[in-house]
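J.: the sequence and its predicted three-dimensional model are supplied below.
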Amino acid sequence: MAEPTPAIRVSTLELFFDLVFVFVITQLAESLHEHLAWSTLGNVLLILAVVWWMYSGYAWLTNAVAPNSTTRRTLLLIGMAGFLLMALAIPKAFGEYGWLFGVSYLVVNVVHTLLFRTAGPGARQALRVLGPLNILAALLVLAGGLVPEPWRHLLWLAAPAVQITSSYVHKIEMHTISAGHFTERHGLVVIIAIGESIVAVGTVFTHVHLGFPEIVVAVLGLCVSYYLWWFYFAGDDARAEHVLAHTDNPRRRARLALQAWGYAHYPILLGIVIASVGIKRTVGQAFERLDWAEALALSGGIAVYLLGHAAFLAQLRLRGVYHRLACAAVVLATIPLGHLRAILQLVAVVVVLVGAAIIEDIPEVRRSGSTAIGDFGRTGT
């Protein structure tokens, strides 16, 4: 079955939108860095859940409704403003700025619904159920920002429950998906998030003397980010697009898009957030001991990222699932090293990632080598 719509590329306005969204990721990482505790992590999980749901909703939106008119661009700008204000409110989203986060989130949802109404008849039909449920989830978040505990967190917990339910009760097969645009859009937000994590770690270096330990930490931190990129983009992104593009059944196609690029990408982004916090905690104390929470953040964030990508590959039935599960387990085994010296854990993590990449690449290299030899023989040169 061919693509349901002609292949389209992600527009620069969508990329601009993604840059604003990634500010949310930056704010979540900063909040966790300042207060590295289980309670903060719980808040990060909740905020990322509701915000990622709506970012993904906008990715589905622009996949069906190109921002090619003044009205659509203006509405998209209003949605971007909503994401920006949510990001600014994140440090106190469960405190005095809960109302600001809630109002901004409601605006994001309303704009999403209005824009989707300009899509085709199938999307509009699907939105009859999805739209009101999204608004209900936004109202729960807003109400959570206005009431005291324990109601605040209970209402926040109810919001993602409503959102997940909505994905099963509306006619998801009515959405038309352009595989090339859809996979490119999600890939871009991942690479932007990885890049922004490097920037976030780099800002910590402005407060420390750049001696040999700091230089080593900077290079090792870059290596971690590189291998996060490698696991996602070294061929699997193209294979994933191929699977989505050649999924014939409309319901299966839409469900695959939701589960692989929606749900599985949540731990991928969460892992980037947590790992960047762990790396930042090594800056300025390379030869000191990390406490257990810091060591867990460093290895745990990378492991969560790998588990998320394993889930992504599993949904698409692509190779590499068990490889990533094993790599995540070995990365977690480096945690005690951080409790001895931070640099030991960071070096060990990079060694594990390098080794995992080499092991995964060996079969591909062998296949490429065999093909090259065969081609050489056929040419007779």
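T.: Arrived safely. Numbering: from 1, shown residues only.
J.: just for the stretch 251-381 of the chain, where's the confidence low?
T.: Scanning the stretch 251-381 of the chain for pLDDT under 70 picks out 364-381.
J.: quick one: the strands in it?
T.: Counting by DSSP state E, counting those that start in this stretch, the stretch 251-381 of the chain yields no residue ranges for strands.
J.: in it, which spans are helices?
T.: With DSSP state H, counting those that start in this stretch as the criterion, the stretch 251-381 of the chain has helices at 265-282, 292-316, 321-332, 335-338, 342-379.
J.: helices or strands next to the third one in the packing?
T.: Contacting helix 321-332 under the criterion 3 or more CB pairs under 8 Å, 6 or more residues apart in numbering; DSSP states H and E are the following elements: helix 292-316, helix 342-379. C-betas here are computed from N, CA, C, even on glycine.
J.: which residues sit against stretch 82-102?
T.: Residues from elsewhere that reach stretch 82-102 (CB atoms under 8 Å, 6 or more residues apart in numbering): 17, 20-21, 23-24, 26-28, 30-31, 34, 43, 47, 51, 55, 103-105, 107-108, 111, 138, 141-146, 152-153, 156.
J.: ok, stretch 204-211 next?
T.: When contacts are defined by CB under 8 Å, 6+ apart, stretch 204-211 is touched by residues Glu214, Ala218, Lys280, Val283, Gly284.
J.: cutoff 6 Å now
T.: The contact list for stretch 204-211 (CB atoms under 6 Å, 6 or more residues apart in numbering) reads Glu214, Lys280, Val283, Gly284.
J.: mind putting the residues you listed into JSON lines with distance to His175 and neighbour count?
T.: Listed next are the contacts of stretch 204-211 as JSON lines, based on distance: CB to CB, whole Å; neighbours: other CB atoms under 10 Å:
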{"residue": "Glu214", "distance to His175": "48", "neighbour count": "17"}
{"residue": "Lys280", "distance to His175": "39", "neighbour count": "26"}
{"residue": "Val283", "distance to His175": "44", "neighbour count": "20"}
{"residue": "Gly284", "distance to His175": "48", "neighbour count": "17"}
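J.: identify, from the residues you listed, the entry nearest to Leu244.
T.: Nearest to Leu244 among the contacts of stretch 204-211, counting by CB to CB, is Lys280 at 35.0 Å.
J.: residue contacts, that closest one?
T.: Lys280 sits next to His33, Val201, Val204 when contact means CB under 6 Å, 6+ apart.
J.: sorry, back to before: ranking the helices and strands packed on helix 321-332 by burial, who's on top?
T.: When you average the neighbours per residue for each of the helices and strands packed on helix 321-332 (mean count of other CB atoms under 10 Å), helix 292-316 leads with a mean of 23.
J.: possible to save the helices and strands packed on helix 321-332 as JSON lines with distance to Val129?
T.: Shown next, in JSON lines, are those (distance: least, CB to CB, whole Å):
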{"stretch": "helix 292-316", "distance to Val129": "24"}
{"stretch": "helix 342-379", "distance to Val129": "42"}
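J.: which non-adjacent residue is nearest the spatially most central residue of the chain?
T.: In the chain, the residue lying closest to the centroid (CA atoms, centre = their mean) is Leu269, at 3.0 Å. Leaving aside its sequence neighbours, Leu269 sits nearest to Ala193 (CB to CB, 6 or more residues apart in numbering; 5.8 Å).
J.: thinking again about what came up before, TSV please, covering the helices of the stretch 251-381 of the chain and showing distance to Gly180.
T.: Formatted as TSV, the helices of the stretch 251-381 of the chain follow (distance: least, CB to CB, whole Å):
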stretch	distance to Gly180
helix 265-282	17
helix 292-316	15
helix 321-332	24
helix 335-338	40
helix 342-379	23
